[in-house]
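*Asks:* next comes the sequence, and after it the predicted model I'd like to discuss.
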Amino acid sequence: MILLIAVLGGIIASALVTAQALRLLGRRGVLDVPNHRSSHQIPTVRGGGIGLAFGTLVALAIDRSRSFGSTDVALFVAGISFGTIGFVDDLTSGISIRTRMVLQLVAALIVMTLIRSHHSFGVVPLVLAGFLVTVWIISFVNAFNFMDGINGISCAEGIVAGVTIGLIARYEHQYALQAAAFTLAAGAIGFAPFNYPKARLFLGDVGSYFMGSWIATMVVIGLQASIPVEAMFAPVVLYMADTGLTLARRVLRHEAWHEAHRQHTYQQLVDRGWSHTQTTGLVFVVVALSSALGSISLFDSIQARLVADVGIAVLTVGYLTLPSLIDHFWDETSSPGHVASDG
């Protein structure tokens, strides 16, 4: 019952603060002005993710008020530290890439220290684990930020990831992780009507950094609790794959990987005539199906687990290659030798 109250409180708090953020940030002129790399045509208020962050934190505080522990502290620190970095950049647009990366590194190191395993693995494995956790958090925070480019896409990711990880954590009796996951979904639900299907305001870096760090931290906490890798990574594999492939292509082409561009798969779909609603809907479906397949790893059947892993790979590759498949189909149907069928 207390979790349900917390979730409802988080949705309401997120919506109320987002509405106020829309008014105050708009009055201050905190706008995302479109350029040739944008997926929007009109200046739109950014930084609205502060409402999502507030709703999530309030919901978690309500649910965990009687048993606030180290997991909750790690999540609060992750969300607030990364969210603050993003919010300052939303307000000023004056943080250089180098400074931003240094601040992210400091924040990630603090979070890593809070969530690191206290089991005795020896010095070298502990250092390696700390390094991997730090790199993972920074990488996923920035991947989430890169993917936040069209209406509703990050709310879709946050809701599916939150609900999926919440259900998995409940099955595994990891109640702190369950609360963290469902409260993130609550924050995203409260924010979503302001951003989808028509965007009255954007998450901004405050929202994408907050959600990215929160999800990245939950993944680590779940893995530490011995939840299967597929179950924890399935909800985020699309974001990781889209960003990873895009950055790899840019590096191979000797392009500046950190500069804004329109090469992500979801951006290519919009460029080919898909609406934001259609593209976000596709992402929602692929992430939801991948998450469902990942949950099969919770059970003992090795064969079912392998089939599910293949299914996740097929869904991800299918999504990544969809723009090329559209181009191929268009080239065939528009070629001079193509004859349309009447029937």
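*Replies:* Noted; the coordinates are in hand.
*Asks:* got any ranges where the stretch 1-150 of the chain has weak pLDDT?
*Replies:* 36-38, 117-124 (pLDDT under 70).
*Asks:* in it, which spans are strands?
*Replies:* 31-32, 44-45 (DSSP state E, counting those that start in this stretch).
*Asks:* partner strands of the first one, with direction?
*Replies:* Yep, that's strand 31-32 we're talking about. strand 44-45 (antiparallel) (DSSP bridges).
*Asks:* what helices or strands is the host helix or strand of Ser154 leaning on?
*Replies:* Using DSSP states H and E, Ser154 falls within helix 153-171. Packing partners of helix 153-171 (3 or more CB pairs under 8 Å, 6 or more residues apart in numbering; DSSP states H and E): helix 123-147, helix 175-191, helix 204-224, helix 229-233, helix 276-294. For every residue, glycine as well, the C-beta is placed using N, CA and C.
*Asks:* 7 Å instead?
*Replies:* Packing contacts for helix 153-171, counted by 3 or more CB pairs under 7 Å, 6 or more residues apart in numbering; DSSP states H and E, involve helix 123-147, helix 175-191, helix 204-224, helix 276-294.
*Asks:* I'd like the average pLDDT over the third one.
*Replies:* When you say that, I think you mean helix 204-224. The average pLDDT for helix 204-224 rounds to 96.
*Asks:* make TSV out of the strands of the stretch 1-150 of the chain and add distance to Pro235 and mean neighbour count.
*Replies:* Shown next, in TSV, are the strands of the stretch 1-150 of the chain (distance: least, CB to CB, whole Å; neighbours: other CB atoms under 10 Å):
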stretch	distance to Pro235	mean neighbour count
strand 31-32	27	18
strand 44-45	27	22
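*Asks:* for Tyr239, find the nearest of the ones you listed.
*Replies:* Relative to Tyr239, the nearest member of the strands of the stretch 1-150 of the chain by CB to CB is strand 31-32, separated by 20.4 Å.
*Asks:* picking that back up, buried residues, the helix holding Ser154. List them.
*Replies:* Residues 153-170 are the ones in helix 153-171 that count as buried (16 or more other CB atoms under 10 Å).
*Asks:* show residues contacting it.
*Replies:* The contact list for helix 153-171, computed with CB atoms under 7 Å, 6 or more residues apart in numbering, reads 144, 147-148, 177-178, 181-182, 184-185, 188-189, 191-192, 195-196, 203, 208, 211, 215, 218, 222, 227, 231, 235-236, 239, 266, 280, 283-284, 287-288, 291, 295, 298.
*Asks:* just the buried residues of the residues you listed.
*Replies:* Applying 16+ other CB under 10 Å to the contacts of helix 153-171, the neighbour count classes 144, 147-148, 177-178, 181-182, 184-185, 188-189, 191-192, 195-196, 203, 208, 211, 215, 218, 222, 227, 231, 235-236, 239, 266, 280, 283-284, 287-288, 291, 295 as buried.
*Asks:* now the helix holding Ser154 and helix 276-294, what's the angle there?
*Replies:* 20 degrees (axes from the mean of the first three to the mean of the last three CA atoms, to 10 degrees).
*Asks:* name the single longest helix found in the protein.
*Replies:* helix 302-334 (DSSP state H).
*Asks:* what is that one packed up against?
*Replies:* Where contact means 3+ CB pairs under 7 Å, 6+ apart, helix 302-334 is packed against helix 237-252, helix 265-271, helix 276-294.
*Asks:* I'd say Ile221 and Thr71 touch.
*Replies:* Yes - assessed by CB atoms under 7 Å, Ile221 is found in contact with Thr71 at 5.8 Å.
*Asks:* many thanks, I have nothing further to ask.
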